[in-house]
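Asks: Below is the sequence, then the predicted model.
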Amino acid sequence: MKTFKDFASYNEYIGLSAPLDNDIDVGYYDPPKIKLGVVPVMVDFYRVSIKINYKLKSAPQSEPKTAIFFNSPELVIAPGWDAEPNYTGMYLQLSKKVIEENRFLFKTYLDYGQHEALELKDEEAVEISAVFKLMLNYYESEKNHFGVLLSYVNVMLSLVEAFYKRQFSTDPKEYNRIVTDFQQNLIDYYNKPVKQLPNVQYFADKLGLTPNYLGDIIKHFTQRSAIENIHEFVIKKAKELLEQNLEMNTTDVAYELGFEYPNYFSKFFKKAVGSTPKEYRLQFVKNLQH
């Protein structure tokens, strides 16, 4: 597998124009010049790729689609560029440095991964293309327009946010399945001995998704973040253990749930419930006696 640390080496390898800057690269695809192949590669930067009327050679019966693909560092890009050479499109490449220095401008979509593409309607593709054209104008101008260029990047990613919300809403059956699988995996997590608290990364890996993508789906359909859903479930399990296993002390309950430190469990529980685990159990037992 090939790994590329910078825009210049990556662009040269696949047949894109040489970048004008080491931190941001903007350009149009010229499909006949693009290297085709199935060798997986990895890039050490972020990519946003807009492909119009894109179709894989390996899926000749499929309909061409217009979509936005995302690549982030340490994500393997496969199966390469097995595409019919008649699509159009554009790309945006961002270094880790420019992301870190301007994190407030960027959304979570840069970490979605290429397998979670955003399919665009015709009018959305037109809107994205118009913004991209303005962005390219500032990219090809003097360096003192770098701030304006970043602002257009922010506008484009804000459009992506709106389009993703539309996609989530227009195909609820598919996304509801993801929510249901997440919830079932959360139940399954505590059907076996645990050594630590569950986290979003664990469930994203189980579902073959990136954490940000999973988190945004969960937030869209439950109005609570993925970690909030996890914490609510942990509190539910804590209450069950405190109520149904009176022989277990609160330290045992903490370890059963995956807490490393019982004191943290007590603080976690009190913040969510308003009472410590001991106080909650005493009140539960008192209510049973009346």
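Replies: Thanks, I have it. Predicted model, so just to flag it, every value in this text is computed and none were measured. Numbers count the residues shown, from 1 in each chain.

Asks: what's near enough to touch residue 257?
Replies: 190, 194, 197, 234, 237, 238, 241, 265 (Cβ atoms under 8 Å, 6 or more residues apart in numbering). Bear in mind the C-beta positions are built from the backbone N, C-alpha and C, glycine included.

Asks: And for residue 13?
Replies: Neighbouring residues of residue 13 by Cβ under 8 Å, 6+ apart: 2, 4, 35, 41.

Asks: So which residues make contact with the longest helix seen in the chain?
Replies: If you go by DSSP state H, the chain has its longest helix at helix 146-170. Outside helix 146-170, the residues that touch it by Cβ under 8 Å, 6+ apart are 24, 26, 48, 68, 92, 94, 98, 102, 105-107, 109-110, 118-120, 124, 127-128, 131-132, 134-135, 138-139, 175, 216-217, 220-221.

Asks: Restrict those residues to the buried ones and give me that as a ChimeraX selection.
Replies: Here is the ChimeraX command that selects only those of those that count as buried (16 or more other Cβ atoms under 10 Å):
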select :24,26,48,68,92,94,98,106,109,110,118,120,124,127,128,131,132,135,138,139,175,216,217,220,221
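
Asks: Farthest pair within the contacts of residue 13?
Replies: 4 and 35 (12.5 Å; Cβ to Cβ).

Asks: who has more neighbours, these two?
Replies: With neighbours defined as other Cβ atoms under 10 Å, residue 4 and residue 35 compare such that residue 4 has more, 18 against 12.

Asks: Just the element for residue 131, please.
Replies: Here residue 131, judged by DSSP states H and E, is contained in helix 122-139.

Asks: packing partners for that helix?
Replies: Packing partners of helix 122-139 (3 or more Cβ pairs under 8 Å, 6 or more residues apart in numbering; DSSP states H and E): strand 24-28, strand 46-54, strand 65-71, strand 88-94, helix 146-170.

Asks: ok and that helix relative to strand 88-94, angle-wise?
Replies: Per axes from the mean of the first three to the mean of the last three Cα atoms, to 10 degrees, the angle that helix 122-139 makes with strand 88-94 is 50 degrees.

Asks: ok, and what's touching the helix or strand bottoming out on mean pLDDT in the chain?
Replies: When the helices and strands of the chain are scored by mean pLDDT, DSSP states H and E, strand 76-77 comes last with a mean of 72. Strand 76-77 is touched from outside by 1, 40, 41, 42, 43, 71, 114, with contacts defined as Cβ under 8 Å, 6+ apart.

Asks: partners of it in the sheet?
Replies: Strand 76-77 pairs in its sheet with strand 41-43 (antiparallel), by DSSP bridges.

Asks: Contacts for the strand it pairs with next, please.
Replies: Contacts for strand 41-43 (Cβ under 8 Å, 6+ apart): 1-4, 10, 13, 71, 73-78, 80.

Asks: One more pass at 7 Å, please.
Replies: If you take Cβ atoms under 7 Å, 6 or more residues apart in numbering as the criterion, strand 41-43 is touched by 1, 2, 3, 4, 10, 71, 73, 74, 75, 76, 77.

Asks: Would you list the buried entries among those residues?
Replies: 4, 10, 71, 73, 75, 77.

Asks: Please tell me how far residue 91 sits from residue 11.
Replies: Plainly put, residue 91 is 9 Å away from residue 11 if you go by Cβ to Cβ, to the nearest Å.

Asks: no wait, residue 287
Replies: Taken as Cβ to Cβ, the span from residue 287 to residue 11 is 68 Å.

Asks: Then residue 205?
Replies: On the measure of Cβ to Cβ, residue 205 and residue 11 end up 31 Å apart.

Asks: neighbour-wise, which of these two wins?
Replies: Under the criterion of other Cβ under 10 Å, the comparison of residue 205 against residue 11 puts residue 11 first, with 18 against 12.
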